[in-house]
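# Structure for the following, please:
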Amino acid sequence: AGVSPLDPMYNGDSYGLMSGTSMAAPNLAGMAALMSAKYPDWSPMAVKSAMMTSAGDVLNADGSASTDNFATGAGSADPAAMVNPGLVYEADARQWDALLLGDIAGRDVNVPSIAVNDLLGAETVTRTVTATETGTWTAHGSVPGYEVTAEPATLSLKAGERRDVEITLTRTDAEADVWSHGSFTLARPGGTAVTSPVTVRAVDVLAEDALTGEGPSGAVETELESGVTGTLEPEVEGLGLAELEDFSKVPGPLFGDDNDSNHVTETVIAEGTTSVSWSLQAGDEQSDWDLFVVTPDPAAPVIQAATASGSEELVLTDPEPGTYYAVSNLFSSPGSASVPASMETVVLEGDMGNLSVTPATPPVQNGESADVEVEWSGLTPGIWKGFVEWAPGTRTAVSVTVDEGDVPPVCDVDDFTDNEPGSRFYDSVRWMQCAEITEGYDNGSYGKDTDISRGESVAFIYRYVDPEFTPEGETFPDVPQDHTFYEPISWAQAEEISVG
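Residues are numbered from 1 along each chain as shown. Down below sits the predicted model:
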C-alpha cells in the first residue's frame, strides 16, 4: 500500500506492507456472496454467523496462534468450513432496535461473540442457536481466569430447531481491570466446531457511571456493589473548571479549521496532566454533531466520537503533552438549518483539593452494597468536572454546576476559627458572616454546635431582613431597653413574629 515518505514509521519509503480492512472487506464480501448464492433463504446474520464460528486461527509473526481477540476478531475466515456450520446465531431487527434504544445491553444481542466489560463475580448471557442440520453438540469454553459453563451442556437438535443456551462466566483468579480472551465452542463428532470469541474484563466494584450536583458545596449519595471483601482506596481526580465555548453551525463536511460547519478548540496539555475531556453539547435533540480530536501522539493521531446521537464526548487519560485540536462538526440538522452547540473542555491534574469521598476508605463485603457520599466544596460559578476511581477499572464521572447566585459573597473578614474552608456548613456560616448576620463570639469562633437563645435566633432573622425599624417604648417585661437584643425583639413583637 502507498504510504507517506514523511511517516517516520516507514523510513522514507513510499510504499509499505500492511494488512487491514482494505483487503479483508472485499475478500469477506466475496465469500458472503458465495454463501448467499448457496443458501438464498439465509439471513445476512446467519451468513455472518457461519463465517465467524467456522474461522481458524490468525498467526503471529513467529507462527504461533494469536490469542488476542481484539486483534483477530473471530479469526481467519475459512470458505470450506463455513459452508456447513451446523449451528447459526440469528439477531433480527427487533434486537438491534432495542440495542439502539438502550433497552438491552450489547452483550445480550444474539451474535456469535461474547464481550463483558464489567464482570462482578459472575455473569450469565443467553444465546439462541438454530440448527442448519440434525445433530448433537457438546458445549465447552475456555477463558483464562474464569470458569465457563453452559446450560444445557448438550444440545440435540433437528434441522431448523432453535434452542437457548445460558453461558455463565465465573471469575476465579482473573486480575481486575485486565481483558482476558478465550472462546466458547459447541462441537459434535465429525462436524464443524461452532466457536465464538469471548472477551471478559473483571471488576472488583460496580458503581454509577455518572453523578451530578449543584452549588459551591454539597454532596450526593451513591451505592457501590462489591465483588470483594476488604477496604477500598478511592482515587479522586478533579474537580476542574470547564472552559466553555458557544457556537452555531450549518451542516457540512468535516474540515480541520473554523468554517460554517466546523468549530476548532485548541487545548495545550502540560506535563503532569492526568486527563482531558471534551464534551460537545448539542443545542437541540434532532441535530447530529460529531467530534474529532487531532493529537500530538503519532500512535493515535486522530480520535473520534461520531455516533448517531446529538452530543459527543471524548476523555483521554494520561495524555501526551502538546497541543490538541478538537473539531466539532455538524453532520446534520432538521432542514439543514443553523443550530447552536457548546464545547466544555476540562483539563485535570490529579486531586485538585475540592472533591472527596466519605468514608475515605469504604469497607465492602463481597456480594453486598455499600453507601458512600461524594462531596465537593469551594467551587466558583461554572461547570466543574472530575472522576472518582473506586477500584481499578471502575470510575464515576462527577459534574457539578454552580450558578452565580449560589456563591457566598466575598468579604475581607477572617473566617471564624471553627469554620475552616471545606468544613461542615462552611458556606452557610461564611455567608452569614459576610452578610453581617452574625459576628460570632469574642474568642473568634462561631460555635456551630452551641445552642442559641430565642433572642439570638430573632437577631439572626432581624439582620437578614434588615428592616427600616425604630423601637418605641417597652416590650416584653424581661427585655428592657438596655437588653442586647432589645431592637430585634421589639421588631419581632411589632411584626407579630413573637407574642412572648
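
# the helices in this structure, which residues?
All helices of the chain, identified by DSSP state H, fall at 21-38, 44-53, 69-72, 79-82, 93-100, 426-434, 454-465, 486-494.

# Off-centre distance for the last one?
By that I understand helix 486-494. Mean-position distance between helix 486-494 and its chain equals 55 Å (CA atoms, centre = their mean, to the nearest Å).

# Averaged pLDDT, it. What do you get?
The pLDDT scores in helix 486-494 average 89.

# between it and helix 454-465, how big is the angle?
Angle of helix 486-494 versus helix 454-465, following axes from the mean of the first three to the mean of the last three CA atoms, to 10 degrees, is 80 degrees.

# need the helices of the chain in JSON lines with distance to residue 252 and mean neighbour count, can you?
C-beta: built from backbone N, CA, C; applies to glycine. Formatted as JSON lines, the helices of the chain follow (distance: least, CB to CB, whole Å; neighbours: other CB atoms under 10 Å):
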{"stretch": "helix 21-38", "distance to residue 252": "27", "mean neighbour count": "12"}
{"stretch": "helix 44-53", "distance to residue 252": "33", "mean neighbour count": "23"}
{"stretch": "helix 69-72", "distance to residue 252": "34", "mean neighbour count": "15"}
{"stretch": "helix 79-82", "distance to residue 252": "42", "mean neighbour count": "15"}
{"stretch": "helix 93-100", "distance to residue 252": "26", "mean neighbour count": "12"}
{"stretch": "helix 426-434", "distance to residue 252": "46", "mean neighbour count": "19"}
{"stretch": "helix 454-465", "distance to residue 252": "55", "mean neighbour count": "16"}
{"stretch": "helix 486-494", "distance to residue 252": "65", "mean neighbour count": "21"}
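
# nearest to residue 221, of the ones you listed?
Of all the helices of the chain, helix 426-434 sits nearest to residue 221, with 19.2 Å by CB to CB.

# How about residues contacting that closest one?
Helix 426-434 is contacted from outside by 215-217, 377, 408-411, 413, 415-416, 419-420, 437-440, 446, 448, 460, using CB atoms under 8 Å, 6 or more residues apart in numbering.

# Spatially nearest residue to residue 404 (excluding sequence neighbours)?
Distance criterion CB to CB, 6 or more residues apart in numbering; nearest residue to residue 404, sequence neighbours excluded, is residue 381 at 4.9 Å.

# first to last residue in stretch 434-443, what's the distance?
Terminal residues of stretch 434-443 lie 18 Å apart, using CA to CA, to the nearest Å.

# Please report the distance of residue 489 from residue 457.
For residue 489, the distance to residue 457 equals 10 Å [CB to CB, to the nearest Å].

# Can you name the residues that contact residue 196?
52, 53, 74, 89, 112, 113, 114, 127, 183, 184, 185.

# Mind doing that once more with 7 Å?
Taking CB atoms under 7 Å, 6 or more residues apart in numbering as the contact definition, residue 196 lies against 53, 112, 113, 114, 183, 184.

# which of the contacts of helix 426-434 are buried?
215, 216, 217, 377, 408, 415, 416, 419, 437, 438, 440, 446 (16 or more other CB atoms under 10 Å).

# Could I get the pLDDT score of the third one?
What that stands for is residue 217. Residue 217 is given a pLDDT of 91.

# And the strands in the stretch 201-350 of the chain, which stretches?
Using DSSP state E, counting those that start in this stretch, the strands of the stretch 201-350 of the chain run over 205-206, 210-214, 218-226, 230-231, 235-241, 243-249, 262-269, 275-282, 288-294, 302-305, 312-317, 322-332, 339-348.

# quick check, distance from the first one to the centre of its chain.
Chain-centre distance of strand 205-206: 13 Å, with CA atoms, centre = their mean.

# Redo the strands of the stretch 201-350 of the chain as JSON lines? Include mean neighbour count and distance to residue 144.
Formatted as JSON lines, the strands of the stretch 201-350 of the chain follow (neighbours: other CB atoms under 10 Å; distance: least, CB to CB, whole Å):
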{"stretch": "strand 205-206", "mean neighbour count": "20", "distance to residue 144": "22"}
{"stretch": "strand 210-214", "mean neighbour count": "14", "distance to residue 144": "32"}
{"stretch": "strand 218-226", "mean neighbour count": "17", "distance to residue 144": "23"}
{"stretch": "strand 230-231", "mean neighbour count": "12", "distance to residue 144": "24"}
{"stretch": "strand 235-241", "mean neighbour count": "22", "distance to residue 144": "27"}
{"stretch": "strand 243-249", "mean neighbour count": "15", "distance to residue 144": "44"}
{"stretch": "strand 262-269", "mean neighbour count": "17", "distance to residue 144": "36"}
{"stretch": "strand 275-282", "mean neighbour count": "22", "distance to residue 144": "30"}
{"stretch": "strand 288-294", "mean neighbour count": "21", "distance to residue 144": "34"}
{"stretch": "strand 302-305", "mean neighbour count": "15", "distance to residue 144": "30"}
{"stretch": "strand 312-317", "mean neighbour count": "17", "distance to residue 144": "26"}
{"stretch": "strand 322-332", "mean neighbour count": "20", "distance to residue 144": "37"}
{"stretch": "strand 339-348", "mean neighbour count": "20", "distance to residue 144": "34"}
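
# With distance to residue 453 added, can I get those in JSON lines?
Shown next, in JSON lines, are those (distance: least, CB to CB, whole Å):
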{"stretch": "strand 205-206", "distance to residue 453": "48"}
{"stretch": "strand 210-214", "distance to residue 453": "34"}
{"stretch": "strand 218-226", "distance to residue 453": "30"}
{"stretch": "strand 230-231", "distance to residue 453": "45"}
{"stretch": "strand 235-241", "distance to residue 453": "40"}
{"stretch": "strand 243-249", "distance to residue 453": "47"}
{"stretch": "strand 262-269", "distance to residue 453": "56"}
{"stretch": "strand 275-282", "distance to residue 453": "51"}
{"stretch": "strand 288-294", "distance to residue 453": "59"}
{"stretch": "strand 302-305", "distance to residue 453": "60"}
{"stretch": "strand 312-317", "distance to residue 453": "53"}
{"stretch": "strand 322-332", "distance to residue 453": "58"}
{"stretch": "strand 339-348", "distance to residue 453": "47"}
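
# of those, which approaches residue 474 most closely?
That would be strand 218-226 among the strands of the stretch 201-350 of the chain, by CB to CB, at 45.5 Å.

# and that closest one, what does it pack onto?
strand 205-206, strand 210-214, strand 369-376 (3 or more CB pairs under 7 Å, 6 or more residues apart in numbering; DSSP states H and E).

# okay if I get these as a markdown table plus mean pLDDT and distance to residue 475?
Putting those into a markdown table (pLDDT from 0 to 100; distance: least, CB to CB, whole Å) gives the following:
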| stretch | mean pLDDT | distance to residue 475 |
| --- | --- | --- |
| strand 205-206 | 96 | 61 |
| strand 210-214 | 96 | 42 |
| strand 369-376 | 96 | 44 |
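
# Can you name the two of the contacts of residue 196 that sit furthest apart?
Pairwise over these, using CB to CB, the maximum falls at 53 and 114, 12.2 Å.
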